[in-house]
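Peer 1: let me see the structure of the following:
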Amino acid sequence: MSAIDHPLIDRFLEALWLEKGLSVHTRAAYRSDLALFNGWLQERGVELATAERAVILDHLAWRVNEGYKARSTARMISGLRGFYRFLLREGVIAVDPTLQVDLPQLGRPLPKSLSEADVDALLAAPDTDDPLGMRDRAMLEVLYACGLRVSELTGLTLEQVNLRQGVLRVFGKGSKERLVPLGEEAIEWLERYQREARALLLAGRPSDVLFPSLRGEQMTRQTFWHRIKLHARVAGIASSLSPHTLRHAFATHLLNHGADLRVVQLLLGHSDLSTTQIYTHVARARLQALHSQHHPRG
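Peer 2: Now for the predicted structure:
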């Protein structure tokens, strides 16, 4: 029997497809990991169904020595856990050998951000003599001033904006409501946009959408993302952007200028402070770079 064509692996993958509808790609990844593990076991005379925790730990040590990345090993352990839980449920084994096998620590990827100079260039890129450009400028100003998610921005309605108080009423994930200050620049561009461009975009059509498309409807996230990429090219920004880039820049620049982490958490609408803490790494890296660049002994 080959390491790849093992009946227990086949049964497990078939169950994954029937119960969870996992994609062909995901099932192929599970098969590859399980086949590699099974082949390693066969070389040591161990059967897949009888492997114990100590053997699995030996395999993990082998992967470290072979130079496998932590993320790849974490995926492999996840597959092993599912496999042995399946065998336990099917009565093939009496004890799950992966119960006390921990996943390797994975470093969280740092979000891509923009420098303050890049943000200034991006905000200045739209042609504000054109109604679409005026709308885009106002959207970018609000996005950067408030740290909104793109879906929160495109979903804004007129009643969510209070220019007199200078705040937005935002509905985030789980319809959680938060008040976010706009700042003077964003207020000024919103006032100009509503005075000079919004009615032209609507062309007499009734709508409560703050930033309508040319059809007078709520803009899709994909459309706005396409507009951002156009303006980034005009601004000469070479680094790749993501739909969250300005949200990341908002958080990073606030922290760089001394904002409290819990305040940033509230402004971003994060329910858990640990989600916000990733930005401290971005800010720290920026501060270290500035120190190295400008300090005489950096």
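
Peer 1: can you show me the strands along the stretch 101-250 of the chain?
Peer 2: 161-162, 167-171, 177-181 (DSSP state E, counting those that start in this stretch).

Peer 1: quick check: domain ranges of the chain?
Peer 2: As assigned by automatic domain parsing, the chain contains the domains 7-89, 116-294.

Peer 1: rounded mean pLDDT for the last one, please.
Peer 2: What that stands for is domain 116-294. Domain 116-294 shows a mean pLDDT of 85.

Peer 1: one more: stretch 41-61?
Peer 2: With pLDDT averaged residue by residue, stretch 41-61 scores 90.

Peer 1: which positions in that stretch come out as buried?
Peer 2: Within stretch 41-61, the residues scored as buried using 16 or more other CB atoms under 10 Å are 41, 46, 48, 51, 55-56, 58-60. (Each C-beta comes from the backbone N, C-alpha and C, glycine too.)

Peer 1: picking up where we left off before, let me know which of the strands of the stretch 101-250 of the chain is the nearest to Thr73.
Peer 2: Among the strands of the stretch 101-250 of the chain, the nearest to Thr73 by CB to CB is strand 177-181 (38.5 Å).

Peer 1: before we move on, the earlier item: which two of the buried residues of stretch 41-61 have the greatest separation?
Peer 2: Spatial extent of the buried residues of stretch 41-61 (CB to CB) is set by the pair Leu48 and Leu60 at 16.1 Å.

Peer 1: in helices only, show me the buried residues of stretch 41-61.
Peer 2: Counted as lying in helices by DSSP state H, out of these, are 41, 55-56, 58-60.

Peer 1: closest to Asp118 out of those?
Peer 2: Closest approach to Asp118 among those (CB to CB): Leu60, at 42.1 Å.

Peer 1: wait, that closest one sits on Thr73?
Peer 2: Yes: the pair Leu60 / Thr73 is scored as a contact, 6.6 Å apart, by CB atoms under 8 Å.

Peer 1: just how off-centre is stretch 25-45 within its chain?
Peer 2: 30 Å (CA atoms, centre = their mean, to the nearest Å).

Peer 1: ugh, typo on my part, it should be stretch 236-255
Peer 2: Going by CA atoms, centre = their mean, the spacing between the C-alpha centre of stretch 236-255 and its chain's C-alpha centre is 12 Å.

Peer 1: buried set for that stretch?
Peer 2: Within stretch 236-255, the residues that qualify as buried are 237, 241, 243-255, counting by 16+ other CB under 10 Å.

Peer 1: residues contacting Met76?
Peer 2: Contacts here follow CB atoms under 8 Å, 6 or more residues apart in numbering; on that basis Met76 touches 33, 36-37, 63.

Peer 1: how about a cut-off of 7 Å?
Peer 2: Met76 is in contact with Asp33, counting by CB atoms under 7 Å, 6 or more residues apart in numbering.

Peer 1: ditto for Phe83
Peer 2: So Phe83 contacts 12, 34 (CB under 7 Å, 6+ apart).
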